[in-house]
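1. pasting the structure only:
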């Protein structure tokens with residue numbers, strides 16, 4: 001049985017959140033762990049909007 005992996009685009013804005021968009025933030029879950037990629041200062045707001053429990057995030061991947 002193959003487990004499903006899901007990718008959620010929580011934000012796709014720039015560093016300043018211009019236009020009311022949340023900074024770039026991706027949430028990936030499946031295979032037992034959930035992680036965020038490139039989460040900015042508004043990531044918690046984006047998680048709440050998408051009804052994602054922050055306690056389900058086990059890893060953060062930050063890119064410069």
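-> Ah, there it is. Remember, it's a predicted structure, so these values are computed and weren't measured experimentally.

2. how long is stretch 49-62 end to end?
-> Length of stretch 49-62, first residue to last, C-alpha to C-alpha, to the nearest Å: 21 Å.

3. swap in stretch 41-56?
-> Span of stretch 41-56 from end to end, C-alpha to C-alpha: 18 Å.

4. got it, and stretch 42-61?
-> Start-to-end, stretch 42-61 (C-alpha to C-alpha) is 16 Å.

5. now do the buried residues in it.
-> Using 16 or more other C-beta atoms under 10 Å as the test for burial, stretch 42-61 gives 42-43, 46-47, 52, 57. No exception for glycine: its C-beta is placed from N, CA and C like everyone else's.

6. out of these, which comes closest to residue 31?
-> Closest to residue 31 out of these is residue 57 (14.0 Å), distances taken as C-beta to C-beta.

7. for that closest one, which non-adjacent residue is closest in space?
-> residue 34 (5.2 Å; C-beta to C-beta, 6 or more residues apart in numbering).

8. doesn't that neighbour fall inside a helix?
-> No - assessed with DSSP: H, G, I helix; E, B strand; the rest coil, residue 34 is strand; it does not lie in a helix.

9. before we move on, the earlier item: out of the buried residues of stretch 42-61, which sit inside helices?
-> 43, 46-47 (DSSP state H).

10. can I get those residues in JSON lines with pLDDT and distance to residue 29?
-> Formatted as JSON lines, those follow (pLDDT from 0 to 100; distance: C-beta to C-beta, whole Å):
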{"residue": "43", "pLDDT": "86", "distance to residue 29": "15"}
{"residue": "46", "pLDDT": "89", "distance to residue 29": "15"}
{"residue": "47", "pLDDT": "91", "distance to residue 29": "12"}
